[in-house]
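> sequence and predicted model, in that order:
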Amino acid sequence: MPSKWKLPPEELHKIYVANTDAFYKAAGNNLAPELDEFVKNCALKLWARSGGLTQGHVDAVNQLYSRGRPKPAWLLWELTGAVCRGGSSFLPPLFYWDLTERDARRGTDASRIFIRMLTNILLYLAAVDDDVSYAEAQFITECGDKLTAICDAAGVKKGKPALRATDFVTSNAPGFLEQNPAAGSAAPGQGKPQGENAPEEERAQNKPDTEELLEQLDALVGLESVKKDVKSLVNLVKVRRLREENGLSVPPMSLHLVFMGNPGTGKTTVARLLAGIYHAIGILSKGQLVEVDRSGLVAGFVGQTALKTQEVIQSALGGVLFIDEAYSLASGGENDFGREAIETLLKAMEDHRDDLVVIVAGYDAPMERFLSSNPGLESRFNKYFYFADYKPDELMAIFRLHCEKSQYVLTPESEAAAKALFQEMYDQRDDNFGNGRDVRNCLENAITRHANRVSALEHPSREDLSTLLPEDVCPAGGPPRET
């Protein structure tokens, strides 16, 4: 079994089949239709507590089918709608009551095996986004407790204890599989609890406060004007809250933002930090970032765009909805469905103005045309953050950070080659200049050339394996021009 999420979808299906097959063997009958539907509904309720859905969640729910059953074919917008409609309260299935009564009569424990099976499957599903949150663990524990209570009331014999979901809580990206290589046991206390029941010092560690988030902002390369604008906005919001607490009037204020600039200038990163800052100072209840573009909001048929947009908005409530290349919503003419998405978005911004922040982002000129295309957009988006292209020395600083993270070392000569490369890239940049993305591409190209060079060595040393030479960074013939 892999020691780290993410599991390929086919591997998740194998795990699901292995768990359900073991249960069917113990239960002595085939509950596939009811069981698969029940686990799917549990997944929806679990993800209702996770703070947002991704394509990974769709891939996961489409693997929840027992041996011999048809494979589901969910789409992201369908799954999002189902999660929004399904709520997050757990109800034991009807077939489980029958199962416990039969166990009590026969002296078997299939119903307790079912609890361990369900807990294990739900832990995998919680880790789809590389993280098992405390809220998700609470839901899994709630499922196990309610099912166990039914077993106890029916007099089912004691079996192995259910897994403790809180043992698998993670604070960052590595999934619970790193703590659960056997997928069936864990020592108490392996995980770190989060949320209201966690110790105060651990909550502080898992939920960065405003100062920590601002320090992360300051650590970003460049973006000096953006950093200043963010700090000014935070100070403004803090003072507004203090005035409210002291009974003083506060004028209406929109927290929705426009991010203008070329690709790769850190817009998404800053949006994510802002979501956390808004949460830390009490403006947003959750602080998650939901990132979409036109394809995530606009459907292909009449009437579907509003539903699709509403589902995305529901997943963003309590946090920030970040719409990249937002101008594309208004670029299709009068009959384009993008305008329906805009109207739905404007209504939601009014209905949920106390717990939803929308950030629209894109190139400068197209964004100006987008905002002037609808009076409602102009009135709601009145704060602009401008993300300038990175200068050559800033591109070099980003390159060094990527090298350090990837454990590659630059010689003085390769440093000089990289500086020349980024100077030329900056001098010849056009509307397609990718900024930080182009820096990542340069490193990937350098790593490929380094691998081709080192693979020809008979016994490469550790230094050989980690050192980028000038010909790796910039091949013969001068600095390459990124396309």
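Arrived safely.
> now do stretch 419-436: distance from first to last residue.
Stretch 419-436 has an end-to-end distance of 14 Å (criterion: Cα to Cα, to the nearest Å).
> mind listing what's buried along that stretch?
Counting neighbours by 16 or more other Cβ atoms under 10 Å, one finds that the buried residues in stretch 419-436 are 419-426, 429, 433-436. The way it works is simple: take the backbone N, C-alpha and C, and place the C-beta from them, glycine included.
> could you dump the residues you listed into CSV and include secondary structure, distance to residue 210 and pLDDT?
Converted to CSV, the buried residues of stretch 419-436 look like this (DSSP: H, G, I helix; E, B strand; the rest coil; distance: Cβ to Cβ, whole Å; pLDDT from 0 to 100):
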residue, secondary structure, distance to residue 210, pLDDT
419, helix, 36, 93
420, helix, 41, 92
421, helix, 38, 91
422, helix, 34, 91
423, helix, 37, 92
424, helix, 40, 90
425, helix, 36, 88
426, helix, 34, 90
429, coil, 35, 86
433, coil, 33, 82
434, coil, 31, 82
435, coil, 27, 85
436, helix, 25, 87
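> ok, so of those, who is nearest residue 41?
Nearest to residue 41 among those is residue 436, at 41.4 Å by Cβ to Cβ.
> contacting residues around the residue most central in space within the chain?
Nearest to the centroid of the C-alpha atoms of the chain, with distances taken as Cα atoms, centre = their mean, sits residue 129, at 6.1 Å. By Cβ atoms under 8 Å, 6 or more residues apart in numbering, residue 129 lies in contact with 50, 52, 54, 56-57.
> what's the burial count for residue 34?
Neighbourhood size, residue 34 [other Cβ atoms under 10 Å]: 13.
> against residue 33, how distant is the closest residue to it other than its chain neighbours?
Spatially, and ignoring its direct neighbours in sequence, residue 34 is nearest to residue 95 (5.1 Å; Cβ to Cβ, 6 or more residues apart in numbering). Taking Cβ to Cβ, to the nearest Å as the measure, residue 95 falls 10 Å from residue 33.
> what's the answer for residue 248, then?
According to Cβ to Cβ, residue 248 stands 61 Å off from residue 33.
> and for residue 465?
Applying Cβ to Cβ to residue 465 and residue 33 gives a distance of 54 Å.
> give me the more crowded residue out of the two.
Set side by side, residue 465 and residue 33 show more neighbours around residue 465, with 13 against 10, by other Cβ under 10 Å.
> so the more buried one sits against residue 453, correct?
No: with contact defined as Cβ atoms under 8 Å, residue 465 does not reach residue 453; the gap is 10.9 Å.
> so what's the closest residue to residue 440 other than its chain neighbours up against?
Leaving out its chain neighbours, the residue that sits closest to residue 440 by Cβ to Cβ, 6+ apart is residue 402, at 6.4 Å. With contact set as Cβ under 8 Å, 6+ apart, residue 402 has these partners: 439-440, 443.
> sec struct for residue 323, please.
strand (DSSP: H, G, I helix; E, B strand; the rest coil).
> can you name the residues bridging to it?
Per DSSP bridges, the residues bridged to residue 323 are residue 292, residue 360.
> tell me how far residue 256 lies from residue 239.
In terms of Cβ to Cβ, residue 256 sits 19 Å off from residue 239.
> of these two, which one has the most company?
residue 256 (18 against 12).
> circling back: out of the contacts of residue 402, which are buried?
The neighbour-count test (16+ other Cβ under 10 Å) applied to these identifies 439, 443 as buried.
> out of the contacts of residue 402, the closest to residue 106 would be?
Minimum distance to residue 106 across these is 60.7 Å, recorded for residue 440 (Cβ to Cβ).
> ok, the closest one to residue 229 distance?
Taking Cβ to Cβ, one finds residue 440 at 25 Å from residue 229.
> ok, residue 141 next?
Residue 141 is 43 Å from residue 229, by Cβ to Cβ.
> so where's the stretch 201-350 of the chain uncertain?
Residues of the stretch 201-350 of the chain that meet the criterion pLDDT under 70 lie in 201-207, 300-303, 332-335.
> what about the helices in the stretch 201-350 of the chain?
Residue ranges of the helices in the stretch 201-350 of the chain, as given by DSSP state H, counting those that start in this stretch, are 210-219, 224-245, 267-280, 304-316, 338-351.
> pull the residues that contact the shortest one.
Applying Cβ under 8 Å, 6+ apart, the external contacts of helix 210-219 come out as 208, 227, 230-231, 234, 270, 273, 276-277, 280-281.
> what does the fourth one give?
Around helix 304-316, the neighbours that count as contacts under Cβ under 8 Å, 6+ apart are 51-53, 77, 80-81, 83-84, 288, 290, 292, 296-299, 321, 337-338, 340-341, 343-345, 348, 352, 356.
> now do the second one
Helix 224-245 has contacts (Cβ under 8 Å, 6+ apart) with 210, 214, 217-218, 220, 249-250, 253, 255, 266, 270, 273-274, 277-278, 281-283, 383, 385-388.
> check which residues of it are buried.
Neighbour counts over helix 224-245 (16+ other Cβ under 10 Å) mark 226, 229-230, 233-234, 237 as buried.
> what of the last one?
When burial is assessed from 16+ other Cβ under 10 Å, helix 338-351 yields the following buried residues: 338-342, 344-346, 348-349.
> can you add distance to residue 100 and give the helices of the stretch 201-350 of the chain back as a markdown table?
What follows is the helices of the stretch 201-350 of the chain, written out as a markdown table (distance: least, Cβ to Cβ, whole Å):
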| stretch | distance to residue 100 |
| --- | --- |
| helix 210-219 | 48 |
| helix 224-245 | 51 |
| helix 267-280 | 42 |
| helix 304-316 | 35 |
| helix 338-351 | 44 |
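> and residue 12, which of those helices is closest to it?
Across the helices of the stretch 201-350 of the chain, closest to residue 12 is helix 304-316 (Cβ to Cβ), at 21.7 Å.
> tell me the gap between the closest one and the middle of its chain.
Centre-to-centre, helix 304-316 and its host chain are 17 Å apart (Cα atoms, centre = their mean, to the nearest Å).
> who's residue 387 bridged to?
In beta-bridge terms (that is, DSSP bridges), residue 387 pairs with residue 261.
> quick check: the gap between it and residue 26.
Distance, residue 387 to residue 26, by Cβ to Cβ: 58 Å.
> between those two, point out the one with more neighbours.
The neighbour count for residue 387 versus residue 26, taken as other Cβ under 10 Å, is higher for residue 387 (22 against 16).
> and for the closest residue to residue 463 other than its chain neighbours, the neighbour number?
Distance criterion Cβ to Cβ, 6+ apart; nearest residue to residue 463, sequence neighbours excluded, is residue 409 at 8.0 Å. Neighbour count for residue 409, taken as other Cβ under 10 Å: 11.
> ok, residue 409 - contacts?
Neighbouring residues of residue 409 by Cβ under 8 Å, 6+ apart: 403, 463, 466-468.
> reformat these into JSON lines and put pLDDT and neighbour count next to each item.
Below are the contacts of residue 409 laid out as JSON lines (pLDDT from 0 to 100; neighbours: other Cβ atoms under 10 Å):
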{"residue": "403", "pLDDT": "91", "neighbour count": "21"}
{"residue": "463", "pLDDT": "90", "neighbour count": "8"}
{"residue": "466", "pLDDT": "89", "neighbour count": "15"}
{"residue": "467", "pLDDT": "91", "neighbour count": "16"}
{"residue": "468", "pLDDT": "93", "neighbour count": "24"}
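> fine, thanks again, bye for now.
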